[in-house]
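# How does the following fold in three dimensions:
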Amino acid sequence: MNYVCKNLNFKGFVVLFMLLFESLICAQSQKPVNIIFMIGDGMGVSQVTSAFYFGEGKPNFQNFKYVGLSETSSTSDRITDSAAGATALSTGQKTYKRAIGLDKDSVAIPTILEQLQDKGYKTGLVSLTSITHATPASYYAHVKDRDLHEDIALDFIKSDVDFAAGGGLKFFNKRKDKKDLLKELTQKNYRIDTASLSKPILRKKNLYLMAQDELPNKVQGRKDFLPEATQIALDFLSQKDQPFFLMVEGSFIDWGGHANDAKMMVEEVLDFDKTIGVVMNFIKKNPNTLLVVTADHETGGASIGKFMEKDPNSGKMKEVKDKVQINFIDGQHTAALVPVFAMGKGEELFSGVYPNHTIYHKLVEALKKSGVNIK
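Here you go, the predicted structure:
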């Protein structure tokens, strides 16, 4: 009899242990997921392809298992701009060209950054242009036109973004209204650095304004600002095991397309790919993270085609079979589909072909699976 009772107790203990173990696993799976959203401005399939032909070794793009395609039109034009494109990504609603954080009727709509702040997330932005430029602005500002940089800077003060790095100093301290927004930001517990990517102060919000407007491009001599700023942002935002949202923009891929400058475009793509590698290393150590990489639109109608050179004997142009070159249709945005890459928690949601605004809803679904409801 005693043996039977002991055996039953042992079985009960095993069952109880298994239930507790399963609840711990379940609790761990419900831990809010970190979101890292990377935008290669102007980056179409050909821009990504350039990393395979002009880089050294295997590009980080090749490490993604889940890949999709996104359609990028705005409500006003088949061919979008960065403002409408980024607003669709940040809010889940398509809008008109030049709109920042507004719907097609010019009504302010919440961004995923703002919604996650309400859920206790830390937030960050990294860009190579002014932090008031169309893409980063679409995550915290609500204005009718992307060129209203001084109004966008006022919205930044209201945003309470924990970490931001980019350019745009003049929109904060050389304004038409003579306001000194740097002083106001300091009063809101911001630590501001305009000289270097120094170590952030953990008990403060940190803002790096490293140029009067945009930073230099790679051809002009920019070093490793993008991967370094991204690493600093990740280190800062992941302190104290608090969930975070970080948007990183590779801004000058677009500018290379506008200029039909193949060298500039390629160097910016490779710099962006290097930054993706920084994020992938973070995910290896922090698997409760979702990385999504996409573009707001394609620029230049870039293609990877035959490399032609003049034959010294015949004087005729001939193909060099082991080389390729970049060609452009024009210097404007195009309606081409852009790639979407995903890695981490919820990566499987991003396969397929879909409109750009649904990427936001896929992020919402991934967050919901981790216990975060923002809708």
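
# what about the nearest residue to G92 once chain neighbours are set aside, how many residues close to it?
Once flanking residues are discounted, G92 sits nearest to Y360: 3.4 Å by Cβ to Cβ, 6 or more residues apart in numbering. The C-beta positions use only the backbone N, C-alpha and C, and glycine is treated the same way. By other Cβ atoms under 10 Å, 20 other residues sit near Y360.

# does Y360 sit in a helix or strand, and which one?
According to DSSP states H and E, Y360 maps onto helix 358-369.

# before we move on, back to that, find me the pLDDT at the residue nearest to G92, would you?
Confidence at Y360, expressed as pLDDT, is 98.

# which residues of the stretch 201-350 of the chain fall in helices?
Assigned by DSSP state H, counting those that start in this stretch, the helices in the stretch 201-350 of the chain fall at 225-237, 252-258, 262-285.

# and the last one, what's its mean pLDDT?
Going back to what we said before, that points to helix 262-285. Over the span of helix 262-285, the pLDDT mean works out to 98.

# tell me what it is packed against?
In terms of contacts (3 or more Cβ pairs under 8 Å, 6 or more residues apart in numbering; DSSP states H and E), helix 262-285 is packed against strand 34-40, helix 45-54, helix 225-237, strand 244-250, helix 252-258, strand 289-294, strand 317-327, strand 338-344.

# ok, now the shortest one?
Counting contacts by 3+ Cβ pairs under 8 Å, 6+ apart, helix 252-258 is packed against helix 262-285, strand 298-299.

# Tell me which of the ones you listed sits nearest to E309.
Nearest to E309 among the helices and strands packed on helix 252-258 is helix 262-285 (15.2 Å), distances taken as Cβ to Cβ.

# and the angle from the closest one to helix 45-54?
90 degrees (axes from the mean of the first three to the mean of the last three Cα atoms, to 10 degrees).

# returning to what we had before: right, so the helices and strands packed on helix 252-258: which one is the most enclosed?
strand 298-299 (a mean of 28; mean count of other Cβ atoms under 10 Å).

# Tell me which other helices or strands that strand touches.
helix 45-54, helix 252-258, strand 333-334.

# Just the residues contacting the second one, thanks.
In this structure, residues lying in contact with helix 252-258 by Cβ atoms under 8 Å, 6 or more residues apart in numbering are 40-43, 47, 82, 128, 217-218, 261-269, 272, 295, 298-300, 302, 328, 331-332.

# Let's see it as PDB, backbone CA atoms only.
Extracted as PDB, the C-alpha positions of helix 252-258 are listed here (Å, rounded to 0.1, in the frame of the first residue of the first chain):
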ATOM      1  CA  PHE A 252      22.000  56.900 -50.100                       C
ATOM      2  CA  ILE A 253      21.100  53.800 -52.100                       C
ATOM      3  CA  ASP A 254      18.300  56.100 -53.300                       C
ATOM      4  CA  TRP A 255      20.700  59.000 -54.000                       C
ATOM      5  CA  GLY A 256      23.000  56.800 -56.100                       C
ATOM      6  CA  GLY A 257      20.000  55.800 -58.200                       C
ATOM      7  CA  HIS A 258      18.900  59.400 -58.700                       C
END
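
# follow-up on the earlier one: how about the helices of the stretch 201-350 of the chain in a markdown table, adding distance to L116?
As requested, the helices of the stretch 201-350 of the chain are exported to a markdown table (distance: least, Cβ to Cβ, whole Å):
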| stretch | distance to L116 |
| --- | --- |
| helix 225-237 | 12 |
| helix 252-258 | 26 |
| helix 262-285 | 18 |
